[in-house]
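>>> What shape does this take:
(3 chains)
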Amino acid sequence: MMAVISLTTDFSSRDPYIGMMKGVIAGINPAANVIDLAHDLPAQDVRAACFVLKGAFHYFPPGTIHVAVVDPGVGMARAVLCAHAQRHTFLAPDNGLLSFLWTGEHEAKVYRVKNHRFFLSHVSNTFHGRDVFAPVAGHLSLGTPPGEMGPGVADCVTLDLPDVSFNGNSDLTGEVVYVDGFGNLVTNITRWHLGELHHFAPERAHVRIGHAKVDRLLDTYGQVDRGQILALMSSFGHLEIAANGTSAASVLKCGAGARVSVRCGP
Amino acid sequence: MMAVISLTTDFSSRDPYIGMMKGVIAGINPAANVIDLAHDLPAQDVRAACFVLKGAFHYFPPGTIHVAVVDPGVGMARAVLCAHAQRHTFLAPDNGLLSFLWTGEHEAKVYRVKNHRFFLSHVSNTFHGRDVFAPVAGHLSLGTPPGEMGPGVADCVTLDLPDVSFNGNSDLTGEVVYVDGFGNLVTNITRWHLGELHHFAPERAHVRIGHAKVDRLLDTYGQVDRGQILALMSSFGHLEIAANGTSAASVLKCGAGARVSVRCGP
Amino acid sequence: MMAVISLTTDFSSRDPYIGMMKGVIAGINPAANVIDLAHDLPAQDVRAACFVLKGAFHYFPPGTIHVAVVDPGVGMARAVLCAHAQRHTFLAPDNGLLSFLWTGEHEAKVYRVKNHRFFLSHVSNTFHGRDVFAPVAGHLSLGTPPGEMGPGVADCVTLDLPDVSFNGNSDLTGEVVYVDGFGNLVTNITRWHLGELHHFAPERAHVRIGHAKVDRLLDTYGQVDRGQILALMSSFGHLEIAANGTSAASVLKCGAGARVSVRCGP
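Purely as a prediction, here's the structure:
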């Protein structure tokens, strides 16, 4: 059955861990189309995994099973969750990684994964990616409904994500939540936040980060000279600070957590 | 339909960008066999992408669709090209990445990709890999002919590649164009160039790079002692400077752009 | 035919070498499910590849073809081996990479790969991964029996692996053989070795590495405070020294080869 499974982990792609998960899946459903969404995420950074999965999952076909293993609590009491929302299925530890599913406007059905029938026969204490997540994903990809994995749960861990705060109606402050491999600084400020500003327009936006100041939002990198800083809406739909042809993170010496403010005015 | 699609990008493999492209392809043709040819190429280095794709594509089966996204001009006026040549199909920005297709002896049919019917419904300004290249590749893999993507074009950007220059008939100079992960220094000097030298033979070649001098071409790394520099024909069919068991780039402190000369004589 | 092929190499995943191997396989068996087990292994480190493959292969379905190319002797006299053992098939250079197949208790049938009919028509001196291993794996995945690749061999290279030594019946010494991307230090001391210690129990084990001392084996990382060192059985089934939430390799300034001792007592 040609189901699609996506994998998001903080495992190093030079270790055999991801390959072992794929081996387990292939043993259960050799026809599954397993796609690496992101690996080598900052170790144990649940926020980064949450941000990536939230921004990416809807580019996959409905019915995709998204497996996300950033799991500092492996082998401890934390639960494993299987959620069904927006026609996609998600498997992740109950550590907030999936909180975007229940803080938004969509309905999510969530189950606690407890049915050992779908696990490897020996479950280690340190690698549930291989022993629990991979075989459960394999069975889901064969059509086993999420509800067979365990009982429904109502109360799941929600990440304490940095807020965007408004100062009056022409000013807001957010922060960098993801730095990509080009050194682009992606913030938690969305199109919706900007739209709440009084008389917002891209050419009336003034963006500050560290000592840098940018005086309008542009459309794409090539609109400024090489090496210059610009602000634009990223392909994730979030405000992004970039530098044409180079790394804004290096030029500005900023990373995740850096504060970014936007003021709207002439 | 079991079509093969190869991907070559300068995206970081730790970002979700490549996975998002694969998600889009899977939504259009879940049976496509998507193969990573190269990622994490030097950012915006069109030459490196051109070199890699030129040297690698013919190892894929005829009919493969090669998608190459190294795209400093994304969102600007640059076109997207779909080319058909040597029984393979290629998708890339019109920035010279595909120039090897029209500077050689083979015929290439080239189209400008303009038909929005094959794009995602929302096209961002900064990530055409996901919004244009991936869905177009998906449709090509289902059998849509390249000519349906847009009008034919005759005039495309050609890269200004470093030349190999001959000094008389026993001496030539080229340069390093690719440094691989082992630190091997691959040059733009091909078997054909060497064959133009008067009475060329591997044992009569004297290679200079930086302060190093090598006195014959060998067949493989293990023919010199560990740590020693050697020159040989790389698996790309180009002259390569290597060091047995270690990185020639580190030992010689050389990288892309370093000049390499070959003299043929006793 | 939906066969599974795993790939283990020391090639950089940013180079096109792995993609070229997959292109060759796709040309022979487009339906093969090719899974990256591990790449970017320490260059030419046959021991690391041996450790990874030994610990991982049995998580793949029976019938999987495991291709391992860590090949310092490429182009020299070393043979290429095709082995069948424990219902899996293995392809690797005859440099000891597969020695776990003949030093254990299981039977292995081993052939020397010599039949050029299954190679690419031009075999380079430096990239047998593409020219020999990939096409042979493609043919094996179509059902060609290992015995058609060449004559049986009885005598293969065996790696000289570091021993675990016992000092009396309550004390043993081994060493770190693999450092993963989290900085976990995996040793060559297995559950079997520990079981040989007199009255062994996890709470009676005293582990020393460098200047650090740990006084019992735990089950998982979260049982100690963040940043603290612990010892546990890794998911490979080997003794592992880790640090909760950080890299034990950095904290202890230890790597492969570091000596680890275990004493059992009150």
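>>> Quick check: mean pLDDT of stretch A:41-51?
Stretch A:41-51 shows a mean pLDDT of 92.
>>> The stretch 51-200 of chain A: helices as residue ranges?
Along the stretch 51-200 of chain A, the segments classed as helices by DSSP state H, counting those that start in this stretch run A:100-103, A:128, A:134-141, A:191-195.
>>> what residues are up against the closest residue to chain B within chain A?
Distance from chain B to each residue of chain A (Cβ to the nearest Cβ) is smallest for A:G181, at 2.2 Å. All C-beta atoms are positioned from the backbone trio N, CA, C, and that covers glycine. Going by Cβ atoms under 8 Å, 6 or more residues apart in numbering or on different chains, A:G181 touches B:11-15, B:40.
>>> again, only using 7 Å
B:11-12, B:14-15 (Cβ atoms under 7 Å, 6 or more residues apart in numbering or on different chains).
>>> Out of those residues, which are close to chain C?
Filtering the contacts of A:G181 for neighbours of chain C using Cβ under 7 Å from any Cβ of the partner chain leaves an empty set.
>>> does chain B sit close to stretch A:96-103?
No - judged by Cβ under 7 Å from any Cβ, stretch A:96-103 stays clear of chain B, getting no closer than 14.1 Å.
>>> Same question for that stretch: list its buried residues.
Applying a neighbour-count criterion of 16 or more other Cβ atoms under 10 Å in any protein chain shown, one finds A:96-102 buried in stretch A:96-103.
>>> Looking at those residues, which two lie furthest apart in space?
Greatest spacing in these, by Cβ to Cβ: A:L97 and A:W102 (11.8 Å).
>>> how about the residues of chain A near chain C?
Contacts of chain A with chain C, taken as Cβ under 7 Å from any Cβ, map to A:11-16, A:19-20, A:22-24, A:26-27, A:30-31, A:43-44, A:72-76, A:124-127, A:130.
>>> all strands of the stretch 51-200 of chain A, in order?
Using DSSP state E, counting those that start in this stretch, the strands assigned to the stretch 51-200 of chain A run over residues A:65-69, A:80-85, A:88-93, A:108-112, A:165-166, A:171-179, A:185-190.
>>> next one: the longest one to chain centre, how far?
In this case it means strand A:171-179. Between the mean C-alpha location of strand A:171-179 and the chain-wide mean there is a distance of 16 Å, by Cα atoms, centre = their mean, to the nearest Å.
>>> For it, the averaged confidence score.
According to the model, strand A:171-179 has a mean pLDDT of 95.
>>> Partner strands of that strand, with direction?
Taking DSSP bridges as the criterion, strand A:171-179 sits next to strand A:165-166 (antiparallel), strand A:185-190 (antiparallel), strand A:259-264 (antiparallel) in its sheet.
>>> Same question for the first one.
Sheet pairing of strand A:65-69 (DSSP bridges) gives strand A:4-9 (parallel), strand A:88-93 (parallel).
>>> Quick one: distance of the first one to the chain centre.
Spelled out, it's strand A:4-9. Computed by Cα atoms, centre = their mean, the chain-centroid distance of strand A:4-9 equals 12 Å.
>>> helices or strands up against the helix or strand just after it?
Using DSSP states H and E, the helix or strand that follows strand A:4-9 in sequence is helix A:17-28. If you count contacts as 3 or more Cβ pairs under 7 Å, 6 or more residues apart in numbering or on different chains; DSSP states H and E, helix A:17-28 packs onto strand A:4-9, helix A:134-141, strand C:4-9, strand C:33-38.
>>> Dump these into TSV; add mean pLDDT as well.
Listed next are these as TSV, based on pLDDT from 0 to 100:
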stretch	mean pLDDT
strand A:4-9	98
helix A:134-141	98
strand C:4-9	98
strand C:33-38	97
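>>> Tell me which residue in the stretch 51-200 of chain A sits closest to chain C.
Closest approach between the stretch 51-200 of chain A and chain C, counting by Cβ to the nearest Cβ: A:G75, at 2.9 Å.
>>> that older thread, and the residues of chain A next to chain C, which are buried?
Neighbour-count burial within the residues of chain A next to chain C applies to A:11-16, A:19-20, A:22-24, A:26-27, A:30, A:43-44, A:72-75, A:124-127, A:130; the criterion is 16+ other Cβ under 10 Å.
>>> Endpoint to endpoint, stretch A:107-117 covers what distance?
End-to-end distance for stretch A:107-117, by Cα to Cα, to the nearest Å: 28 Å.
>>> near chain B, which residues of the stretch 51-200 of chain A show up?
Neighbours of chain B within the stretch 51-200 of chain A, by Cβ under 7 Å from any Cβ: A:52, A:56, A:59-61, A:180-182.
>>> who wins for neighbours among those residues?
Note: the member of these with the most neighbours is A:V52, at 26 neighbours, neighbours being other Cβ atoms under 10 Å in any protein chain shown.
>>> Could you measure from that residue over to A:L97?
For A:V52, the distance to A:L97 equals 10 Å [Cβ to Cβ, to the nearest Å].
>>> same question, A:H238
Between A:H238 and A:L97 the distance is 18 Å, computed by Cβ to Cβ.
>>> go on, A:V80?
In this view, A:V80 and A:L97 are 11 Å apart by Cβ to Cβ.
>>> Next: A:I5.
Taking Cβ to Cβ as the measure, A:I5 falls 16 Å from A:L97.
>>> A:D36 too?
As it turns out, when the distance is counted by Cβ to Cβ, A:D36 lies 17 Å from A:L97.
>>> what's the burial count for the residue lying closest to A:F166 once chain neighbours are set aside?
The shortest distance from A:F166 to any residue other than its chain neighbours is 5.0 Å, reached at A:L172 (Cβ to Cβ, 6 or more residues apart in numbering or on different chains). Residues lying near A:L172 (other Cβ under 10 Å) number 21.
>>> now swap in A:G147 and tell me
A total of 12 residues lie near A:G147 under the criterion other Cβ under 10 Å.
>>> likewise A:V157?
Neighbour count for A:V157, taken as other Cβ under 10 Å: 17.
>>> wait, it sits on A:P93?
No - with contact taken as Cβ atoms under 7 Å, A:V157 and A:P93 are classed as non-touching, separated by 8.7 Å.
>>> Run through chain A and note the low-pLDDT ranges.
Scanning chain A with the threshold set as pLDDT under 70 gives A:1.
>>> And the residue of it closest to chain C?
A:S12 (2.2 Å).
>>> State the distance from the closest residue to that residue other than its chain neighbours to B:I209.
Ranked by Cβ to Cβ, 6+ apart and with sequence neighbours excluded, the top spatial neighbour of A:S12 is C:G181, at 2.2 Å. With distances defined as Cβ to Cβ, the gap from C:G181 to B:I209 amounts to 34 Å.
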